[in-house]
Structure formats: C-alpha cells, structure tokens
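Trainee: would you be able to build a 3D model of this:
(chains A, B, C, D, E, F, G and H, ligands or ions: 10)
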Amino acid sequence: MEQNFDLPEIHTPENLVYTKTKVLTDNVMHYCPGCGHGTTHRLVAEVIDEMGIQGQVIGVAPVGCSVLAYNYFDIDMQEAAHGRAPAVATGIKRVFPDKFVFTYQGDGDLAAIGTGETIHACNRGENITILFINNGIYGMTGGQMAPTTLPGMPTSTSPYGRDVKMMGNPLKITELVAMLPGTYFVTRQAVHTPALVRKAKKAIRMAFENQKLNRGVSFVEIVSNCNSGWKLPPVQAIKWLEENMLPFYPLGDIKVNGEMVSK
Amino acid sequence: MEQNFDLPEIHTPENLVYTKTKVLTDNVMHYCPGCGHGTTHRLVAEVIDEMGIQGQVIGVAPVGCSVLAYNYFDIDMQEAAHGRAPAVATGIKRVFPDKFVFTYQGDGDLAAIGTGETIHACNRGENITILFINNGIYGMTGGQMAPTTLPGMPTSTSPYGRDVKMMGNPLKITELVAMLPGTYFVTRQAVHTPALVRKAKKAIRMAFENQKLNRGVSFVEIVSNCNSGWKLPPVQAIKWLEENMLPFYPLGDIKVNGEMVSK
Amino acid sequence: MKELRLMKGNEAIAEAAIRAGADAYFGYPITPQSEVIEYLMAEKPHERTGMVVLQAESEVAAINMVYGAAACGKRVMTSSSSPGISLKQEGLSYIAGAELPCLILNVVRGGPGLGTIQPSQSDYFQATKGGGHGDYRLLVLAPASVQEMYDFVKLAFDLAFKYRNPVMILSDGVIGQMMEKVEIGEQYARLTNEQIDELYPWATTGKKTGQDRRIITSLELDPGRQEKHNLKLQAKYKKMQEEEVRYESLNCEDAEYLLVAFGSSARICQKAMDLGRAQGLKIGLLRPITLYPFPSEVLNDLASKVKGILTVEMNAGQMVEDVRLAVCGKVKVEHYGRFGGMIPSPTEVLQALEQKIIGG
Amino acid sequence: MKELRLMKGNEAIAEAAIRAGADAYFGYPITPQSEVIEYLMAEKPHERTGMVVLQAESEVAAINMVYGAAACGKRVMTSSSSPGISLKQEGLSYIAGAELPCLILNVVRGGPGLGTIQPSQSDYFQATKGGGHGDYRLLVLAPASVQEMYDFVKLAFDLAFKYRNPVMILSDGVIGQMMEKVEIGEQYARLTNEQIDELYPWATTGKKTGQDRRIITSLELDPGRQEKHNLKLQAKYKKMQEEEVRYESLNCEDAEYLLVAFGSSARICQKAMDLGRAQGLKIGLLRPITLYPFPSEVLNDLASKVKGILTVEMNAGQMVEDVRLAVCGKVKVEHYGRFGGMIPSPTEVLQALEQKIIGG
Amino acid sequence: MAKVKGDVVIDIERCKGCEICNTACPNQVLSMSTQVNSKGYRFAIKVNADCIGCANCAIVCPDGVITVYKTKV
Amino acid sequence: MAKVKGDVVIDIERCKGCEICNTACPNQVLSMSTQVNSKGYRFAIKVNADCIGCANCAIVCPDGVITVYKTKV
Amino acid sequence: MIEEIIIAGFGGQGVLSMGKILAYGGLMQGQEVSWMPSYGPEMRGGTANVTVILSDERISSPILSQFDTAIILNQQSLDKFEKSVKPGGLLLYDPNGITRHPVRTDINIYRIEAAAEAARSGMVKTFNMIVLGAFLKLKPIVKMENMEKGLAKSLPLRHHKLIPANMDAIRKGMELAEPVAVIA
Amino acid sequence: MIEEIIIAGFGGQGVLSMGKILAYGGLMQGQEVSWMPSYGPEMRGGTANVTVILSDERISSPILSQFDTAIILNQQSLDKFEKSVKPGGLLLYDPNGITRHPVRTDINIYRIEAAAEAARSGMVKTFNMIVLGAFLKLKPIVKMENMEKGLAKSLPLRHHKLIPANMDAIRKGMELAEPVAVIA
Ligand SMILES: Cc1ncc(C[n+]2csc(CCOP(=O)(O)OP(=O)(O)O)c2C)c(N)n1
Ligand SMILES: Cc1ncc(C[n+]2csc(CCOP(=O)(O)OP(=O)(O)O)c2C)c(N)n1
Ligand code: SF4
Ligand code: SF4
Ligand code: SF4
Ligand code: SF4
Ligand code: SF4
Ligand code: SF4
Ligand SMILES: [Mg+2]
Ligand SMILES: [Mg+2]
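Mentor: Ligands and ions are numbered 1, 2, ... in the order given. Got it, this is the predicted structure:
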C-alpha cells in the first residue's frame, strides 16, 4: 500500500485553488488518456463559467473525436455534420445575435471537408468563436491523414509517411483565414504545459469577449496531440508535438483586433 | 446603303494577320454581346492552337454561363457540376498525367460553392491550369450576388447594393490560393483592351507551358464584365469594370515560378 | 376582402414566408427558383418582420444553416432545385434524425445531372422515400397552384413543428414560374424568444438555470438506443399517415377511369378530364396533396370502383409505384410520363388514357 | 489451387480492385469502411499496377474526381458509408446522366443523420430508387459474403462498362468488417491508353485528328432532346432488367414460407431457415443479389406457390415495397426489421416468421 | 517607312453589335450598322478606308467576328 | 516569505494515467499507481508531501481529475 | 368566357410584361388568370413566349398546345406558333422583320405595325402596349378601365406616371390593327 | 463439425487477434471460418469482442446470440456473455480482475490464469495465446500443426520469428486450463 500524504485539514473552500468547473458535467470523457481535447474542453468551460454566460452559450461540435462534447459541456449544444459547424453556427447566430455561439472542430473537419464553410463564415465575419483542434490527424476514425498532417508523418492512409508530391501539402488554414477581412482575432495556441494552458485560456477568453463587441470571427487554433493516432504514449506524444508540430505550426497571435501581427 | 470600303485584293493568306482559330468551332457563342467569356475562350483556344496540343487537352467547364463551352472549343471536354471542376480535373490529371487539363470557372463556381475544391486542388499542387473568370456576379442564373461582388454593388440578391455587414465581404480568392505551396503561377488579368488581351494571352500560355514542366497549379484570373448582370451596355460595362473592379482587383502577377511577386 | 395579387409561384412562397412569421431563409441561387431569394431580398424582410435572409456559399452550407437555426426553435426555410436538393441530402437526413422542424422547397427541373432547367417531377422518389441515408421521411406537400404555393408555407411550418420533422414542398418549374391570382393572407407575428422557450422546450436557446441542458443530435452510438430512436421516428411517421393525408378528388364519385396526378400534372389532367368528359368518358381525378403520407387508403377504395387507373407524371414512373402499392393488384395501374422538361398536353393525356387503360 | 486468404470484406474490396485492374480510387475516410483506402495505401498499388489512390478532401470532391477519371474511360471507384454517400448524390446523378461507368461502395451504417456506426441496410431506397435527383438508376449489387465482396468488384466494373452506368455495391458493417476465407483471383492488367481509345470511343482522351471531339455532359437545355436522352436511359434500365437480374434461391422448390433478404440479413435468414427446417417448417430463402434490377419475376412466380412471404431487413421496411410490387397482391407479404445498428438473430427471425406469416 | 494598308472582314451573322471593336480601333474604322442581322443585332461595319490592319478590333472582339489582313504598299 | 502548503485530491475513477500531471509538477509530487481503477487505468497518486498547491498538475490534466488546495503556514 | 393566348417574340420586346399587364387587367375584371412564361435566363439571346389564360372559371392547365390567339413578334415565333392557333382563332403579328408571312386560311389573321409606330412616335418602350391595344380591339375581353387598373397594379409605384402614355399606346394600337385574312 | 465461439475482453487484450489466429488455424485445416468483430474506433476505451465460427460446412450467419464457447477476459464481458453460452457449452475465463464469478450450472466452466502466467514468464504479449491454448486443450478442433500454419499466415513476415514463442504459449495454456465446474 502506498503512503498517505493527504492533508484533509486544508481542504476548505478558502484554500481551494483549483477544481473542475461546474460548466463541465461529471461524465467521464471518452477521450484517450492524455488527449488535448479534454484540456481544451476544460478551458472553454472555465471561460464560460468565469464570464457567467452559461445560460447564453450555444456550442456546436461536429463529427470528430469531440462529437460527444455535449456529454461534457453543461450548456445547450448542437451536434453538426462533418465539416458544417461554421454553417450551423451561422444559422444559430443569425437568429440569436445576442447569444454566444462557438464551434469546436478538428483539423479534418475544419480544414478538409469543411473548408468552404470555414472560409465563408470567416469571410462573412460571422460574430462567432471558432475553436480549432489541430492534432494533424483524423483521430476519431482511426488515425487517417488530415490536411494538417506533416510531411513524412505516417498515418493509416499514409502508412509510409505523407508524401507531399502525391498527397499534397499540409494546409495552414489558420494563416489563410487570418487574411480574410471577416476575422478579428486569429491565434495559435497549445495546451500541453501549464504555461501554455494559461495563455490558451486567455486567448479563448478574448475570443468570447470579442463576441460581445460584435467584432466578427475569433479563431483559436490549439495544436494538440492524438496519442492513439500517432501511436505514442501521452508524454512522448507531447514531446513529438513540441519537436515536430510546433516548428511547422508556430504558436502565437496571428491577427489581433483585426490587424495582422507583424513578425 | 453604307459605302463599301472592302479591299478584297489584299485578302490573301500572306496578308492574313488575324482570324479565328480553328480550335474554336464555328458555332455562334450564346454569350451576351460584349461578354468577356467569348474573348477568354478565344485566347485559350489560340494558346492550344499555337502550342499544338489540341489532341492532348481535356477541358473542364462547370455550370455558369460557360457551361456550354464544349460547343465552342474543338477539344475533348467535360461538363462538371457547379463548383467541382478542380476535383474533376484532379481525377483526369491523375489518370492522364501527360495530358493538359484545364478548368474554366466563374467566380460563383470557383469561389462560392467550389471553395473547398479550389483550395484543396491548389494545395495539393495538382498539375493543372485553372482559368477563373471573375465578373463579380452569377451571370448564368440571372445576376445574383457572387462572393466577388463589390461592396455596395447591386445584384438581384443584393438589390440595394451589397451590404458587407449582412452579406459578407468580397473574397479575393486569388490572393488566398497564391499563399498555398501547391500553386506555381498565380496572376490576375483582363481582356477588355487590345493591350490587356495580349498580356492575358501570354499569361494563359505560361499557365499551359507550366503543365509540361509538372509545376503544380497555374491559376489565371480574368477580371471580366457581365453586361446582363450589371445591366449595362458593353462599352459602359467596360468603363465600370475599369473604374470599380480593377481598383479592388488589381491586375498583375501575384506569384511567378512558385515565388510571391513582391509589391 | 383579402388582398389579391398576381404572383409567380416562387414569389408567393417568399411572400408567404414573411407573412407566416418565418424567422430565417438560407439559400443558394439556382434556376428555376432564384426568385424566392430575390423576392425576399427586395422586400427587406429584416425591416418588415425581422426575418433573416442570407445567401449561403452553397446548398450544403444553406441546409446546415437551416439545421442550426431550426435547432433554436425558429421557423426556418430553404429552397433550391433538383441538383441543389441532392446536395442537401446529408443535411436533410441529419435534420430528420435530430427531429428538427423546417421547410424545404424543391422547384424540380429535369434531370439527371445538370439536365435541363425546364419543369419536371422526377424528384418524387427522392422526396418521398428519402434521398438521404437512413430510415427517415419528409412530410411532402405538392402544390398545384400559386395559391397553394402561398398557403402551403404556413401549413408546412405548422406541420413541421407539430411533428418536429422537415417538411418539403415539392413543386416544379411550372408552378414556380407561372403567375396566378393569389389571396394574400394576414401577417402572423414571429414568435418571441420567450414564446419559443415556452413552446419548444427542446430548442437550444441557452441553458436555463436549474434546468437540463438541451442537446440536438442525430448520433447514438449505442445501437439499442439508436433503434429506440428509430422506432420513435417510425411511430411519428405512422401518426402522419393517420392524421395528415391530404388529397383532392374531382369527379371520382361516378368515375370509371381514374387519373392520378400531383402538382402541375394534375392541372393538365384536369383539362384532360374535362376534354374526356365532354366526349362522354367518365373520368375522375385523384390529386395527392401530401405525397408522403400518401393517400393510399382512398386509392385502395377507388380501385374497387374504377376499371383502370392512369398516373400521369412528368417523370419515368415514380408515384405509380405508390399507387400500385396502394391498389395492391385490384385494378390495372399504368403510367404515362413525359420527362426531361417536356410537359404533357391535355390531349395526349387523354390519348394515353384511351390507349393504356380504356382500350388496353 | 487459387490463393486463399482470410480477409475483411473491406480489404477484399481493395485487393479485388487492384486485381481487377482498377485505374483509380478516390475516397474519404468514414467508419465502417476506412479499411478500403487504408488497405490500398498500404499495398502501394501505384507500384503494384500503377493504380492511383488519392484521399480526397471530402466525399463531394471524391465523387467528382471519379467523374473526371471515369470520363477518361478509366476503371474508377470510390467508397464510403451512409452520410458520405448522401453527400455524393448530386455527383451520382451527374455520373448517371453523363453515362459514365464507375463503382461506388456503400458500407451502410445506421441512420438517419450521424446515427450509429453499426451495420444497417437502411440505404436500400437511396441506392435503388435514386437518392439523387432525376430519373436515373444505379445498378446495385448486394454481397452476402467476403468472397462476394471480392468477386463483385470485377463484376461491377464489367457491368459498369457494359452499360456505361454507375454500379453500386451495397454492403453493410457486417460484411465490411467480418473476415472470411477469400479465394484471390488473378491479376487483370489495367487497360492501356490505346486499348481505352479503341474500346471506349466516348472517352475524353484528347481529340484525335480528323475525328469529332468527345463531350461528356449531363446538360441538355432543349427539353425535347433531354427527353430523348431520358428515354435512352430508360431503355438501358429496361435492358438491365432483362439481362442482369441475379439472385440466389435456397430451398425454394418445396417452400411453403419464403424469406426474402439481401446481404448480411440473408446470412441470418439462412440460419433461421435451417433452424425452421429442423422443426419441420418448409422455409425457403430468396436472396436478391441485384437490388436493381430487382428479381421481381422470380418472386412473382414464387408468390403463386408459397403461403406467405417475410422480408427481413436491417431497416424499417424498404425492400418490402419492391417485393410487394413484384408479388402484386398474390400472397401476404410482411416485413421484419431491426434497425439503428441492431442485427436480428436467427431465432428472432424464425419467431417473426411464425408470428407474422405462419400464425398470422 | 513603308505605308501599311489593312482590311477587316466582318462575319456579320456572328456579330452581336457590342461595339467593343469600335472602341479599340485607333482609326475609327468601325461603326454599327442601322440594320440588324437575323439574330436581331446591329453589326459592325467599316465606315472609312483607314484600316491599318493592327488587329486591335479582332483581338478584343468576344465573338471572333473579324478577320484582319495587312499589307505593305 | 510565508511558507506555502498545498494538497491535491485525485478523483482516481476519472484518472486515465496519462502522466501529464506528473511531468508538470515542479516538486515531483505525483506518480502512477501500480493498481488499476475500474476502467483498467493506473492512476495518479501522491508520492511525497512537497505539494505547494501551484495547480500546474490540475490545469494540464485533460480529465479534470485534480482538485488543489493551498494555504499559508 | 375563356381566352387562351400565346405571346411570342424576342427577349427584349416586352413579351412577358405585355402578358402580365393583360393578366392583371383580367384579374381586375374579376377573371381567373394564369401567366406561364417560357423561362430560363440560362438561355441567352433566344426567344421568349408566355401563355396567358383569362377565364370566368377556375383554370385547369396553364400550359397549352392550342391557342385561341397567338400574338407574334418575330419570324421564329411565327414559324413556331402559326400552327398552334385553333381553327377559327386569331393570329396577330407585327410584320417588322417578317419575311415569311402566315399562310393559314382557317384562322383570322391581323397585322399591327407596332414597331414602326413606336419608332415613328419615338416611344419605343410602348411598343408592346400598341400590340396589346390591337389585340384588345379584336378581342375586347378586358375593359379599358380594368386595363388601366391592371397597369397600376403591375407597374411599380415609381412608374405610375407612365400609365397615361401606356393607355394612349393601347388606344393607338386599337386604331392600327389591320386585317390580313379574315375567314368568313 | 461446427464450433461457434465468442471471445470478449478489454480493447488491449488481443481479443481480435486471438480470434484471427484461431480462424486462420481453421482455414489451414480446410474449414470454413468467419470472424466478426464488434467494431468502432469511434468508441474508445470500451470492450472488444469477436465471434469466430469454424465449420465443415458453409457458414450461414456470422452473427449469433448463442455460442458453443465463450472465452471471457474481463468482468463486463462475463456479465454480458455468460448467459449466451448454449446449455452444455463451454465458458473459459481468466479470473484476473474477476470479482463476480460465473454461476451457471448447465455449462462447463474452466479457468485459465493466463494474465498471471504471462506476467510470471515476462511474456505479456503472449497472454492471448495462453488463453487460446487452454481453449484448444478443451476443444481440440484445430490441430497444432495447422495453428502453426495459421500463425504464419496471420502474422506479417517480420514477426515470423515470434511464432515459436507463440506456439510455446499455446502449449503452456494447454497445461494450465483448470476445470471450475463440469457438468456430468
Ligand atoms: C460526411 C462524413 N464523412 C466522414 C465522416 C467520418 N469522420 C468522422 S470524424 C472524421 C475526421 C475526424 O478528424 P478531425 O476532424 O481531425 O477530429 P479529431 O477526431 O482528430 O479530433 C471523419 C472523417 C463522417 N462522420 N461524415
Ligand atoms: C448545385 C448547383 N447549385 C446552383 C446551380 C445554379 N447555378 C448555375 S451557374 C451558377 C453561378 C454562375 O455564376 P459564375 O460561376 O460566376 O459564372 P458566370 O455565369 O458568372 O460566368 C449557379 C448558382 C447549379 N447549376 N448547381
Ligand atoms: S483518438 Fe486522438 S484525438 Fe481522439 S481521443 Fe484519442 S487521442 Fe484524442
Ligand atoms: S450573363 Fe453575363 S457572363 Fe453570362 S453571357 Fe451574359 S454578359 Fe456574359
Ligand atoms: S466586337 Fe465583335 S461582336 Fe462586338 S461589335 Fe465588334 S465585331 Fe461585332
Ligand atoms: S485592324 Fe486596326 S485599324 Fe483596322 S479596323 Fe481593326 S482596329 Fe481598326
Ligand atoms: S493528468 Fe489527469 S488523467 Fe492524466 S494521470 Fe494525471 S490526473 Fe490522471
Ligand atoms: S499542485 Fe503543483 S506541486 Fe502540487 S501536485 Fe500539483 S503540480 Fe505538484
Ligand atoms: Mg484531428
Ligand atoms: Mg460570375
């Protein structure tokens, strides 16, 4: 039996530093151990909690590993067809301009089948928040190549590594949408270290605050891990992410207050 | 009766300076008087003629005013569903890597319903030529707003002028595709004056020459007029184009030999 | 007296939508129905009633905008013509699966593929049997006049909300493009958000404190529960069959020969019937108004009385299958069709009846 | 002896495609059929035979890539599952309209909407009646074993080219995911471009000097000519009905009760039949192999001999309509279905037969 | 410098009277007819003998109506 | 500077044993159990008393497993 | 009363609006009306036609192959629709641009030089109203007061100032209708 | 001969490959075989099961609700499938992690301590082959030589060096199968 290091005496409300927000339900998430989807869910829920807007948010999660997001967020939610979340969110926001609407989309969803919907919702400047979880792979369907898969990276549909000559180049859709006049805030974040989590949360907060001000699209990419798809244990996956994903998808703000951030 | 200024005596083959290429059929085109589609068709046909590749070209024209392009080009052609020409061209080029494949698409086609196909064919670097006729409107269906319609411009679905707050911003898709690694040559041209026609033809020629070298996508935008949709007689439409379209869609090369042209 | 106007069917749909208190229209232009969005845009419904009208980037986007707004308990619609409706099949299946109310107008043109822009009824199967995947049904209304184009909009919204089911108005280029007299009805107010909260507790309007969150989805990974959901849908369709069958019967009382036709074909058959009656032929006309649920019972009854049935459709023979299923071998059922944008004339219908049924 | 392997249905499809000399596959991942593209990618068919395999950005793109390559006279295929197949409806209608040969595999899952990933047969209507717009038909093959998954690929390509018509293999999660023994057939060579030019003069391979250009289109603005085109299509479908009906009949000679089922349901029914026969019930099984053209004639014949017919489908009752249309009231026809990913067991099928037909 | 003489041949049945050739001609050689062709369009006609065969008209004509000849005289 | 004392409460049934908390902890407070929970996962446990309540572990935990307390002593 | 009419000509000749104004006139007179155009902006530069029916009873088919009256404004339309006039019916045409004239002998044929008159008077836009006037002269199925009401209904408010000119054109057309061949 | 088997456990326990190797063994022996997994990468962290049928005749339904043999590797699967064993059939389970043991009295119940043995021998990867060995001991429907051929067929070439270890594990499992309750 392990030794007991509990300090029950300090477990008082005044001493509480951190606990799971109530905007997440108590359901255990179906994500694989260490998957960044969980962390990102938590941040979104915390922002909703802290802004006090639980009753005014409508979330849209399309197909992808996060298709069951509605089991975890304690808010009104819609499940959308693969790739169509920005259109669904447009429909919601147009009839409820005063509610907060966000989409939560994977890279396959947002940057492959949903390219048209993504570009056009951004171009129209729909006043919504788009959360874009880029794990470089189709997690849900078993690790197929995504538009964001890195050159040479093996997946179940590029078993010998992505051959860009045959399969095309990885798509930096975040840089593309930043070029559109309808986006107001475009940023790329990650959530695998405490410092990054804190920054990502600030970005998500800003993305929701912008909705109050009717600024157009706020677009937050989260570069994340897919342990199952990458076939790596979580801690190694994070290392791989830092060494391979981040050089290709560098973190940081791309567009703030409607202006490109100069590099 | 008008006076006769004919000089039949100089009508000899040696003196022939210009005549319709045989790569265009003798069918009278169904386009409205003065429509830039006709001119662009002619240039494409002349390039095919001059390169001597009539027997190796497969053209793809999707829905739009040019849906009947196959009546005019004397080459093998496919009619494609609205927006899907780049996918169709991908299918062709992948099974016939040695043929010349081009798409001929309107702005509604290429930049609205076909956004996903456009972006992804460009991103994959399919070795094809894309001709993009931007007349700022849906000509064929009776002058509805296109993604490229200018702010304030009236169309049948923006009868009081395009209100960008409600209907979104005009989309400069050409600038977007130039950002993708799969495009090799991206240019914006026009065909309403003799000088512009000459330049445009050079660009189209280069776009086809690139295919021989397996360079990826060559993308030629032609800023054109839609007299019917704009409800202006041809000569006035050209004036309107110069005064309104060109400032927003400036002519010139955007990417040459795979490198962005610095401005 | 109500206001009378001469309107195109497509315009009548648009005006009716504003008057029915529709909250939103999302669509993409395509001939022969672009007048719907054009009329709406010209009318500035955002000023008249606050209705939202948005030209989407594609039909796929449009139907998914409908999904999002319908899930909010709003009265939402879209319109298109055949190729565009095909693109909406995935979205429709989702909407049916998630049990969302909405209105879809299909002004049918000749197919397959790009086909022709001329009128057709060749999307009957797609509309009634489910062109998308999975066991679902649309409730399908087939107007035969511009007035019905107008009237069926409110009816469609009412049925859509009664059943939480998408309702399709299956029209065609004739009804969409023709002008007829329309009696314009009253302006119904759009529901307020409070009314929506009260009437549609399933709608995602923002979670209310102390209440459960609302989830709109068509996903159920557990097959047992998915089957339950399917059974619920089937029960709903059965209820529609019991309560919502609509048809018009003309001269069926003494009919020896029965024409069955919907939409513009029924108009043509009416003239054919008149011509035939003038020649002493006892012809009746049964016009299904709901194509799903189909008026099978009345047809089965009529089958016992008449000597033969001819369906007239602007297609290669689609509704004829439902007529045969209804009639169950009791009497001969034949099909007469023109297609690819061709419209049968009353005289040729009469000839077909004589050849295939009376003589045959 | 031929090579024997144990393979999943989805893998058998992929191997068969390479061996049949397929030129290209374009597809987009979706459960439960992603093994098709995964197997292909792992096999490097570009090295084995020169076959092109490309993961498209969407199902819509995939079906249009198929269109482009098929128009070149190449043997091209795609695969998906229900929601993805819905997205392909416009493309399929275009392909049918332009009369292009190709192969589409649908490994059906439960719907509507996102539904479930478990097996289903609820896309029968979509496959057989035309989920897209316009009067067109796919030729539909329903394999009931992994061996048939393999064998039907070459058959499908042959039929597709014989008729210049898209052929669908309508499978389901059971057949796609199960492993069985497969006899691997020979490697057919891909056609050379010269052979294509000779065999398929309609294909766009680049205009030959002195010959007419080739045009692939589904557009015909003139309704008269479009109607002619439609009549040509209808004549082709009629020919299919005459020449291509395929079915398997088990124990039908002395059967008093008939089960009708396709695909994996037929496997279950076979077991149910065995169980019933063991109890002395004279049960037969008719398994349609072509769902379109449907084996109506044989069913009509059998209807004169049996006391009742039960269709067993993993859906809410779709093929049953075709059985009723075939039988034309001669004998009672009932449907037993499980759906939403639920699979009927042989015993429950037997019970249903007893309740609905034998007892009923 | 040798003087250049040009001439254009106009396929009036193809012409749609858009007047674009006209605008492009350096020597105002072209104008529109008062009559219409069988499609109901006025068509381009020559109104002087100043053509230099520069082909400007032909290369801007959307309908490929104009054939151009040029010779040095 | 007042000394800080922290403690974490781990909801072991939610834990999936991904070890990310572990990596993030400045004081190596956390490690994985040898036993598994009912889902078959090893779970995070405290292996010393050095927790300073910095919450690093909690905010990187994908599954919201960890509650953190902190007090000045 | 039931009158089944086809009006056919070039796209720009105001064929559709002529039909619409006539239909609106009928509506104002309490008649049932239908107006069914050939449509398709996708076909450019072609001909346009519209079927208009005015009737005291509910109209069955809005699409017909035989007409009481054909109003014809160009050669193509004449070639196409001459044969569709019911025996004893009326064919009214503008001879401008017509080279092959109507030949049937079992129908009443009239001409209206509307193009010439419109050019003469400088009121090119009222061309179609002149034609309509000729028709109403020959078949006075809608009263002039109802035509005026119909015009008011079918023209947007900002064009109401044009109503008098249009009514004048209708009256002019009434004067100008000329018989070509009238059956006994 | 026909043997209808369900194998069920956690995702990571090698349930599917055990079934596949058994099926390949049957195939090598000239039998008809079918292998039908529960599938769905979309459901993570759940249980996995596979139905394997070996038969001398053509196999009808690959999906069954009753089995000759259930091979059970965790509690959930035991709870789910105990009742699906045909009377007189076989239930073979690994007691590791099992708290609620089987209770039926009309079937033969055997246990195989495969997890413990695999841990003991340090060959965690051969866990499922130990279980398979126990099964083949109890129902010797596939000869060992055919199992070896089956392994060779089902493993990729680069893993063929592992065949002897796997065969050893099968033999080990044969030794370790223990009766729990055997009907008369
Ligand atoms: C129309 C359609 N096509 C395909 C699928 C299958 N599918 C579900 S999720 C998915 C991609 C998931 O990848 P991503 O969006 O990157 O999300 P992740 O699982 O990686 O978070 C696919 C292809 C589907 N459900 N619907
Ligand atoms: C799926 C589908 N949606 C809509 C249409 C109708 N449609 C045909 S062409 C077109 C747009 C034409 O505009 P553009 O591409 O700009 O070409 P243009 O006519 O201006 O040259 C539309 C909306 C269609 N044919 N198919
Ligand atoms: S498959 Fe990948 S993205 Fe999906 S839950 Fe597992 S780790 Fe996360
Ligand atoms: S409608 Fe516009 S684009 Fe089409 S032919 Fe006429 S001018 Fe050209
Ligand atoms: S440019 Fe061509 S079509 Fe236009 S007026 Fe001149 S010759 Fe005629
Ligand atoms: S060739 Fe030159 S000079 Fe001659 S008509 Fe044409 S534009 Fe004028
Ligand atoms: S990060 Fe969370 S889930 Fe992962 S091991 Fe730590 S406590 Fe468990
Ligand atoms: S709160 Fe800080 S110190 Fe305490 S266990 Fe967590 S990471 Fe370690
Ligand atoms: Mg992903
Ligand atoms: Mg355009």
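Trainee: next, count neighbours for the residue in chain G that chain E sits nearest to.
Mentor: Nearest to chain E in chain G, going by Cβ to the nearest Cβ, is G:F10, at a distance of 5.4 Å. The C-beta positions use only the backbone N, C-alpha and C, and glycine is treated the same way. Taking other Cβ atoms under 10 Å in any protein chain shown as the criterion, the count of residues near G:F10 is 19.
Trainee: same check, this time on the one 3 residues further on
Mentor: Taking other Cβ under 10 Å as the criterion, the count of residues near G:Q13 is 23.
Trainee: ok, the residue of chain G closest to chain E - contacts?
Mentor: For G:F10, the set of contacting residues under the criterion of Cβ atoms under 8 Å, 6 or more residues apart in numbering or on different chains consists of E:G40, G:T47, G:A48, G:L73, G:N74.
Trainee: for it, grab phi and psi.
Mentor: When quoted as degrees, to the nearest 10, the phi and psi of G:F10 stand at phi -70, psi 160.
Trainee: that one and A:I130, how far apart?
Mentor: In this structure, G:F10 and A:I130 are 51 Å apart, going by Cβ to Cβ, to the nearest Å.
Trainee: do the same with G:Q66
Mentor: Distance, G:Q66 to A:I130, by Cβ to Cβ: 60 Å.
Trainee: got it, and A:E79?
Mentor: As judged by Cβ to Cβ, A:E79 and A:I130 stand 16 Å apart.
Trainee: please apply the same query to C:G206.
Mentor: As it turns out, when the distance is counted by Cβ to Cβ, C:G206 lies 19 Å from A:I130.
Trainee: neighbour count winner among those two?
Mentor: When C:G206 and A:I130 are compared on other Cβ under 10 Å, the one with more neighbours turns out to be A:I130, at 28 against 22.
Trainee: hang on, that one in a strand?
Mentor: Yes. The secondary structure assignment for A:I130 places it in a strand, going by DSSP: H, G, I helix; E, B strand; the rest coil.
Trainee: if we can go back for a sec, check the contacts of G:F10 and tell me the two furthest apart.
Mentor: The largest distance within those, taken as Cβ to Cβ, falls between E:G40 and G:A48 and amounts to 12.1 Å.
Trainee: for the helix or strand of chain E with the lowest mean pLDDT, which strands pair with it and how are they oriented?
Mentor: In chain E, no helix or strand scores lower on mean pLDDT, DSSP states H and E than strand E:30-36, which sits at a mean of 91. Looking at strand E:30-36 with DSSP bridges, its paired strands and their directions are strand E:42-46 (antiparallel).
Trainee: contacts for the partner strand, please.
Mentor: Contacts with strand E:42-46, where a contact means Cβ under 8 Å, 6+ apart, come from B:2, B:5-6, E:8, E:10, E:12, E:15-17, E:19, E:21-22, E:29-37, E:57, E:65-66.
Trainee: kindly recompute the last result at 6 Å.
Mentor: In this structure, residues lying in contact with strand E:42-46 by Cβ atoms under 6 Å, 6 or more residues apart in numbering or on different chains are B:2, B:5, E:10, E:12, E:15, E:17, E:21, E:29-30, E:32-33, E:36-37.
Trainee: cool, stretch C:110-128 as well?
Mentor: So stretch C:110-128 is contacted by C:31-32, C:82, C:106, C:108-109, C:140, C:168, C:170, C:172-174, C:291-292, C:313-315, C:318-319, C:340-341, D:93-94, D:96-97, D:129-130, D:133-136, D:218-221, D:223, D:226, G:40, G:42 (Cβ under 6 Å, 6+ apart).
Trainee: so which of those sit within helices?
Mentor: Using DSSP state H, the members of the contacts of stretch C:110-128 that fall in helices are C:S82, C:G173, C:V174, C:M319, D:S93, D:Y94, D:A96, D:G97, D:P223, D:Q226.
Trainee: was I right about C:T78 contacting C:A24?
Mentor: No. In this structure, C:T78 is not within contact of C:A24 by Cβ atoms under 6 Å, at 9.3 Å.
Trainee: identify the residue of chain E closest to chain F, quick one.
Mentor: Residue nearest to chain F within chain E: E:P62 (61.5 Å; Cβ to the nearest Cβ).
Trainee: residue in the stretch 51-200 of chain A nearest to ligand 9?
Mentor: The shortest separation between the stretch 51-200 of chain A and ligand 9 is 3.8 Å, found at A:G106 (distances taken as Cβ to the ion).
Trainee: tally of neighbours for the nearest residue to G:Y24 once chain neighbours are set aside?
Mentor: Ranked by Cβ to Cβ, 6 or more residues apart in numbering or on different chains and with sequence neighbours excluded, the top spatial neighbour of G:Y24 is G:G150, at 3.4 Å. Residue neighbour count, defined by other Cβ under 10 Å, stands at 23 for G:G150.
Trainee: which parts of chain G are helices?
Mentor: Assigned by DSSP H, chain G shows helices spanning G:15-28, G:75-81, G:114-121, G:127-138, G:144-154, G:163-176.
Trainee: and those: which comes nearest E:N48?
Mentor: Between E:N48 and the helices of chain G, the tightest spacing by Cβ to Cβ is seen for helix G:114-121, at 27.8 Å.
Trainee: contacts for that closest one, please.
Mentor: Here helix G:114-121 makes contact (Cβ under 6 Å, 6+ apart) with G:D94, G:N96, G:V124, G:F127, G:I130, G:V131.
Trainee: if you count neighbours, what's buried in it?
Mentor: Neighbour-count burial for helix G:114-121, counted by 16 or more other Cβ atoms under 10 Å in any protein chain shown, picks out G:A114, G:A115, G:E117, G:A118.
Trainee: tell me the pLDDT at the residue of the stretch 151-263 of chain A found nearest ligand 8?
Mentor: Residue nearest to ligand 8 within the stretch 151-263 of chain A (Cβ to the nearest ligand atom): A:P194, separated by 7.8 Å. For A:P194, the model assigns a pLDDT of 98.
Trainee: thought it was touching F:A24?
Mentor: Yes. Shown here, A:P194 and F:A24 form a contact pair, counting by Cβ under 6 Å, at 5.4 Å.
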